[in-house]
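Asks: mind folding the following:
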Amino acid sequence: MTRKLRCHAIVLGVTVALTLAGCGGSDNTADTAPNSNGLEKTTITVGALPIPDPVSLYIANAKGFFKEEGLTVTPKIITGGAAAIPAIESGSLDISQTNYVSTFLAVSTGKKIKLVADMYQAGPNTFNIMVPKDSPIKTVADLKGKTIFVNNLRNVATLAVTSQLKVAGLTENDVTFKEKPFPDMGNAILSGQADAGWITEPFITANQSQHGFRKLADTMTGQTADLPIAGWMATEEWASKYPKTLAAFQRAISKAQQVASSDRKEIEAMLPQYTKIDAKTASVITLGAYPSELNANRLQKVADLMLEYGYLKSAIDVKSVIAAPASNG
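Replies: Residues are numbered from 1 along each chain as shown. Okay, the predicted model is just below:
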């Protein structure tokens, strides 16, 4: 997601993304017969956004971690975590990327979803509020009465920005949030459709190098420092029906997360293979962290923030949303 730059001219063919094809249906009934590893299902379809967050899915495939577990995993491009919920409910996806804010919102409305593995955690300068270089806006307080682009309303974007507004003595009612896909934000801000944008990588790098945008604020500081951002989800029904398959996925993805955490070069090599981030851009974007196990205490921070800012009407015990961890066997 967001990165600091020292690049003079990075020519980015970065239209990564969230504009790629959405999740369509796929016949996912393929292989439900147990294999030699005792898996209830050996072929699964997994939804993922074409951004850095789910890189471990591709690392696990490339390094044979899924194969070692007896799993064949087919990645499928999705447009967002919230959009993936109907896909896992219908069965067109077995497991999908999700962001934690969307997940807890869905659970609060009665959706039967389980978080099955961690994926991505924010780091410094991975999600920034950005403005054009000649903007009169110099501080977060200057955003009063202004319009801010976010990729989704009432989600991690607005939550993160609102936490920074609070520090500046403002509330979400002091600004206007409007939705705009990340790839379109820069040009739309330049054309006067908004005053600022909440932007992540590789679009931070793209807007800095192409338009000279500057960072107004890092939204992952203070209350939101090291905020857990994204994970993997399945329905409760799927997790109960395929426990060995789920455990195999968990073991493989945890191994891949450890690779991503220990060697940035592995991430840089993989990004051009499933995103529109080229190798040069991959080498300079700012990355967050890739935790190898779900931690209820860390995730509770997200749910508690959502309660504080009115995203949830009542508290959620995050432990109840986490699926049992993989066994070692």
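Asks: just the pLDDT for residue 8.
Replies: According to the predicted model, the pLDDT of residue 8 comes to 36.
Asks: ah, wrong one, I meant residue 58
Replies: Per-residue pLDDT puts residue 58 at 98.
Asks: next one: it from residue 325, what distance?
Replies: With distances taken as C-beta to C-beta, to the nearest Å, residue 58 is found 22 Å from residue 325. For every residue, glycine as well, the C-beta is placed using N, CA and C.
Asks: following the host helix or strand of residue 104, which helix or strand comes up?
Replies: Using DSSP states H and E, residue 104 sits in helix 100-108. Per DSSP H and E, the first helix or strand lying C-terminal to helix 100-108 is strand 113-121.
Asks: that's a helix at residue 138, yeah?
Replies: No: Residue 138: not assigned to a helix; according to DSSP: H, G, I helix; E, B strand; the rest coil it is coil.
Asks: what number of residues lie near residue 158?
Replies: Neighbouring residues of residue 158 were enumerated by other C-beta atoms under 10 Å; the total is 23.
Asks: isn't it up against residue 175?
Replies: No: the pair formed by residue 158 and residue 175 falls short of the contact definition of C-beta atoms under 8 Å, at 9.6 Å.
Asks: phi, psi of residue 48?
Replies: Note on residue 48: backbone dihedrals following degrees, to the nearest 10 are phi -150, psi 140.
Asks: give me the nearest residue to it, chain neighbours excluded.
Replies: residue 54 (4.0 Å; C-beta to C-beta, 6 or more residues apart in numbering).
Asks: gap between the residue positioned nearest the centre of the chain and residue 291?
Replies: Most central in the chain under C-alpha atoms, centre = their mean is residue 230, positioned 4.2 Å from the mean C-alpha point. The spacing between residue 230 and residue 291, counted by C-beta to C-beta, is 11 Å.
Asks: surely the residue nearest to the centre of the chain is within a strand?
Replies: Yes: counting by three-state DSSP, residue 230 is located in a strand.
Asks: for residue 104, see how far away it is.
Replies: Residue 230 is 13 Å from residue 104, by C-beta to C-beta.
Asks: where along the stretch 151-300 of the chain do the strands fall?
Replies: Counting by DSSP state E, counting those that start in this stretch, the segments of the stretch 151-300 of the chain that form strands are 176-179, 196-200, 214-218, 228-235.
Asks: looking at those strands, which is buried most?
Replies: Among the strands of the stretch 151-300 of the chain, strand 196-200 has the highest mean neighbour count (mean count of other C-beta atoms under 10 Å), at a mean of 28.
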